[in-house]
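S.K.: compute the structure for the input listed below.
(2 chains)
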Amino acid sequence: MKQYRAHLLVCAGTGCVSCGSFKIKEALEKEIKKRNLQDEIQVVATGCNGFCERGPIVLVQPDGIFYQLLQVEDVPHLVEEHLLKGRPVKKLMYVPPAEKQPVPKMKDIEFFKHQRLIVLRNRGRIDPEKIEEYIAFDGYEALAKALSEMAPQAIIDEILFSGLRGRGGAGFPTGKKWAACAKEKRSPKYLICNGDEGDPGAFMDRSVLEADPHAVLEGMIIGAKAIGASKGFVYIRHEYPLALKRMAIAIEQARENGLLGQDILGTGFDFDLEIVQGAGAFVSGEESALIASVEGRIAMPRQRPPYPAQRGLWGQPTVINNVETWATVPNIIRRGADWFQGLGTETSKGTKIFALVGKIANTGLVEVPMGISLREIVYGIGGGIPDKRDFKAVQIGGPSGGCLPAKLLDLPVDYESLTAAGAMMGSGGMIVMDDKTCMVDVAKYFLNFLQDESCGKCVSCREGTQRMYEIVKAITEGQGKESDLALLEELATITKDASMCGLGQTAGNPVLTTLRYFRHEYEAHILDKRCPAGVCKKLIRYVVLAEKCTGCQACKKACPKECIKGTLKDVHLIDQSNCIKCGACKEACKFEAIEEQREEAIQII
Amino acid sequence: MPAKKKLSIQDLAKIREKTKSLMTIRESEGRARVTVHMGTCGIAAGARDIMDALLGEIGKANIQDVIVTTSGCAGLCNAEPMMTVEVKNQPPVKYGHLTPDKLRKIFVQHILGGQMVADLVLAVGSETVY
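M.R.: Purely as a prediction, here's the structure:
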């Protein structure tokens, strides 16, 4: 490495890569060379910066200038103006919604300002494929401390005292898990990193693996020392090619440098790791199913106890933690449990990463202290709901989580509050919904996902999720009966009570929370045969409003079924018998002359 | 760094020491910020040589927490090449009519030592930016 006067940090997380960030990096390098600046300016590919909505992203340091939505054509101008002449380029900066002035510096942008980075401390700052850059920012310092100065029990006590709880969903105290496994006399013992992130819309683990794979490794080696494990497995979904690639590079570099293998850091401790690829089943994220998958069997959960800490991989004592949990560990060891204790709430310590998606202005990845309110996340960091729509609900905790309404926006985000409200922390997916979302339709979506992903071992889950899906589907099609709601509640409760693993035990949540907070929407579908949000296709129809139609033929051209009749400058008409209710006509109309009418309105006409 | 060699705890500290200093720039903080004015006038008057000399001095002194940036014309084209030195907690100081030799003096006395080189100073402070 050498001294440069400026570093250009190009986001190369999966989100930005899919928007072309590698092309931006290439173009920057080419242009810098052309201007003969290659010895003064370094271009670095980093992990996910978090503000995925605005990719491709480049951060210029030391100035702290944040460039967004870059295109290859912008690059020559950017290099000439900013790097050669020292004039930051305003038109490539972020302009907050409803404002006119750009915000040049990353630290002043609302999205970043309220975040507190611990696990993601290296995101957008280091090149994840270079171990020296990780080491430069105190990487492997915690490992050196744990291996040379701390007894295994002292490491466990530190984690126990820090109050760290599993970040994968259930929130079990990590220290307790480790202590239970350390107590076991049998060997060998195993460690597993659970990177089988399967919730729709969630990408926390992927981003950690992509942005800072060494942090996960370091956490695992420390954990191995604490419980006396000699071998570990990093389980990553096959759908995460970039995470897999960067983890493989990280393991290779750690081995080359003697941070994995025999006699780590000359302390006499041996530990090694290998990667296992998941094959794409949601239930593999459940710990006993994941263990079965590592063993080469079908990913199906088994009855617990015995817990993996007693009988895990190949019947041996095993600790299995989520990616984010492992990546938190080095920070606690390095900075001390007291420091970690000081963050968050009484029962939920530290920070949590959320994937903020859906109807939100600033889609992206955020790390916030536990106990922050939903409102601060949605409106402070997320920038609120776009297109001047109203907030309706936030779905939190993945398919097994729940939908929380606007009146709960001030709820603190911690394990207990979310569970009490009927949702759960889950792994950290947060899907924001606006007033154009139908909550019955949302419940249907998640039930379909769950009935598809249920492994089928427990009757309650296999049949329960399917029956619930059928009933909710019938309701969205106007076939619902008044007795359905009580039946749904009964089914959801039974599925919860009688299923063995986390998937079934939480499968009722989408139904129960939508019934609890949005019962009136179910009732509108059943009693009035009306979808208040105008989403459920069977309960709406598109009509042309004669007084607004100019006869421009835009809708006619947009219609994929060619079922709009009308000549130029005459009022058009939609042939309802052929309409598939795709809404393309409404989108195409510039005069707001097409409306989706709910059944109720149709009857009045 | 020693490739393919097993690291000891001391090696780890050495790598950290070495690379950390090269990467403090990503933290946006440093003991001083030096801006070389590189408008057309500055470049024509030799700002590029000043920049090269500055980077050379920084490399020689083996310090890494001096932030070097460029900016456009400072408005006093006849005093080019110019640069602005901002030492932490001190007002910005503008130097003009620079040569590599003058730069070296400023580097040692002001940037490293914190004492401005009075006979070379054009102005202390900066314009009000609204």
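S.K.: show residues contacting stretch B:53-71.
M.R.: Residues external to stretch B:53-71 that are found in contact with it (Cβ atoms under 8 Å, 6 or more residues apart in numbering or on different chains): A:3, A:5-6, A:40, A:62-63, A:83-87, B:21-22, B:24-25, B:28-38, B:51, B:83-84, B:100, B:103-104, B:107, B:111-112. C-betas here are computed from N, CA, C, even on glycine.
S.K.: again, 6 Å this time
M.R.: A:3, A:5, A:62, A:86, B:21-22, B:24, B:30-38, B:100, B:103, B:107 (Cβ atoms under 6 Å, 6 or more residues apart in numbering or on different chains).
S.K.: quick check: residues of chain B near chain A?
M.R.: B:4, B:6-9, B:12, B:15-16, B:19-20, B:22-23, B:25-26, B:28, B:38, B:59, B:67-72 (Cβ under 6 Å from any Cβ of the partner chain).
S.K.: which of the residues you listed are buried?
M.R.: The neighbour count (16 or more other Cβ atoms under 10 Å in any protein chain shown) marks B:6-7, B:9, B:12, B:15-16, B:19-20, B:22-23, B:25-26, B:28, B:38, B:67-72 as buried among those.
S.K.: centroid residue for chain B?
M.R.: By Cα atoms, centre = their mean, chain B has its centre lying nearest to B:Val34, at 3.8 Å.
S.K.: wait, isn't it in contact with B:Val85?
M.R.: Yes: applying Cβ atoms under 6 Å, one finds B:Val34 in contact with B:Val85, separated by 5.4 Å.
S.K.: follow-up on the earlier one: just the residues of chain B next to chain A: which are in helices?
M.R.: B:Ile9, B:Leu12, B:Ile15, B:Arg16, B:Thr19, B:Lys20, B:Leu22, B:Met23, B:Gly59 (DSSP state H).
S.K.: care to break chain A down by domain?
M.R.: A:6-110, A:131-341, A:351-434, A:439-527, A:540-604 (automatic domain parsing).
S.K.: and of the ones you listed, who's closest to B:Gly42?
M.R.: Closest approach to B:Gly42 among these (Cβ to Cβ): domain A:6-110, 9.3 Å.
S.K.: which positions in chain A make contact with chain B?
M.R.: So chain A meets chain B at A:1, A:3, A:5, A:7, A:61-62, A:64, A:85-87, A:125, A:132, A:135-136, A:140, A:144, A:148, A:256-258, A:265-266 (Cβ under 6 Å from any Cβ).
S.K.: quick one: buried ones out of those residues?
M.R.: Judged by 16+ other Cβ under 10 Å, buried ones among the residues of chain A next to chain B: A:3, A:5, A:7, A:61-62, A:64, A:85-87, A:125, A:132, A:135-136, A:140, A:144, A:256-258, A:265.
S.K.: ok but A:Arg121 is inside a strand, no?
M.R.: No: A:Arg121 is assigned coil when assessed by DSSP: H, G, I helix; E, B strand; the rest coil, not a strand.
S.K.: for chain A, longest strand please?
M.R.: strand A:269-278 (DSSP state E).
S.K.: the inter-axis angle of the helix or strand just after that strand versus strand A:269-278?
M.R.: Downstream of strand A:269-278, the next assigned helix or strand under DSSP states H and E is helix A:287-294. If you take axes from the mean of the first three to the mean of the last three Cα atoms, to 10 degrees, helix A:287-294 sits at 90 degrees to strand A:269-278.
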